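J.: one predicted model, sequence on top.
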Amino acid sequence: MKKILFALGLATVMALPAYAQAREVTFTTQLKNYGGDGAYLALYLTDANGQYQGTLWISGEKSKYYKHLRDWARGSGLNQAEYDGLTGASVTSGRALKVTLELEDALIDSGYQVRVDTAVEDMRDNRSDLVVPLTTEGSGKTVSGRGYVQSFVYDLK
């Protein structure tokens, strides 16, 4: 899956300058073999204080279940404009979600964090399954989640 966020996307939410440069970033989220239905994931950005800044990707097509992605749901207000065009199918047990986006350079090494919330029907919801600072130094480094996420890595191009 390849989705492009231009300056108008996250810049509208974060009021970034129109002249900002963008960089391609690939996010790969590998799920554990948890033995349940497909997982819903919210991949989003927060500032250094954990305040919601913008949606990067939502995995799972039935919006009625988005409320289970609790931290993301609270931050986004479940406003459809926050995720319109940024959704795909749920991710099944043991599979990976790979999303490539263009992010403004101003988001990197500026205190922003990538967060992933996860939820599986009839199983536990995981608020902030993982939280990773969005830094040049962190690019290519694998981290573990604390719920359904086995591993997560982002690569800056």
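T.: It's in.
J.: any idea which helix or strand comes after the helix-or-strand element of the chain with minimal mean pLDDT?
T.: The weakest-scoring helix or strand in the chain, judged by mean pLDDT, DSSP states H and E, is helix 7-14 (a mean of 37). Next helix or strand after helix 7-14 toward the C-terminus (DSSP states H and E): strand 22-31.
J.: check contacts around residue 122.
T.: 36, 37 (C-beta atoms under 8 Å, 6 or more residues apart in numbering). Any C-beta I mention is one placed from the backbone N, CA and C, and that applies to glycine too.
J.: so the closest residue to residue 68 other than its chain neighbours bridges to which residues?
T.: Nearest residue to residue 68, sequence neighbours excluded (C-beta to C-beta, 6 or more residues apart in numbering): residue 119, at 3.7 Å. Beta-bridge partners for residue 119, by DSSP bridges, are residue 40, residue 125.
J.: how near is the most centrally placed residue in the chain to residue 139?
T.: Of all residues in the chain, the one closest to the mean position by C-alpha atoms, centre = their mean is residue 43, 1.2 Å from it. As for residue 43, its distance to residue 139 is 16 Å (criterion: C-beta to C-beta, to the nearest Å).
J.: next: residue 89.
T.: Taking C-beta to C-beta, one finds residue 89 at 27 Å from residue 139.
J.: neighbour-wise, which of these two wins?
T.: residue 139 (16 against 11; other C-beta atoms under 10 Å).
J.: list the contacts of the more buried one.
T.: Applying C-beta under 8 Å, 6+ apart, the residues near residue 139 are 154, 155, 156.
J.: quick one: contacts for the last one?
T.: Right, the one you point to is residue 156. Neighbour list for residue 156: 23, 24, 25, 108, 136, 139 [criterion: C-beta under 8 Å, 6+ apart].
J.: who wins on neighbours among those residues?
T.: Of all the contacts of residue 156, residue 25 has the most neighbours under the rule other C-beta under 10 Å, reaching 21 neighbours.
J.: ok, for that residue, nearest residue in space, not its chain neighbours?
T.: residue 103 (5.2 Å).
J.: which stretch of helix or strand covers the one you found?
T.: Going by DSSP H and E, residue 103 is part of strand 96-104.
J.: can you give me the buried ones in that strand?
T.: By neighbour count with 16 or more other C-beta atoms under 10 Å, strand 96-104 contains the buried residues 97, 99, 101, 102, 103, 104.
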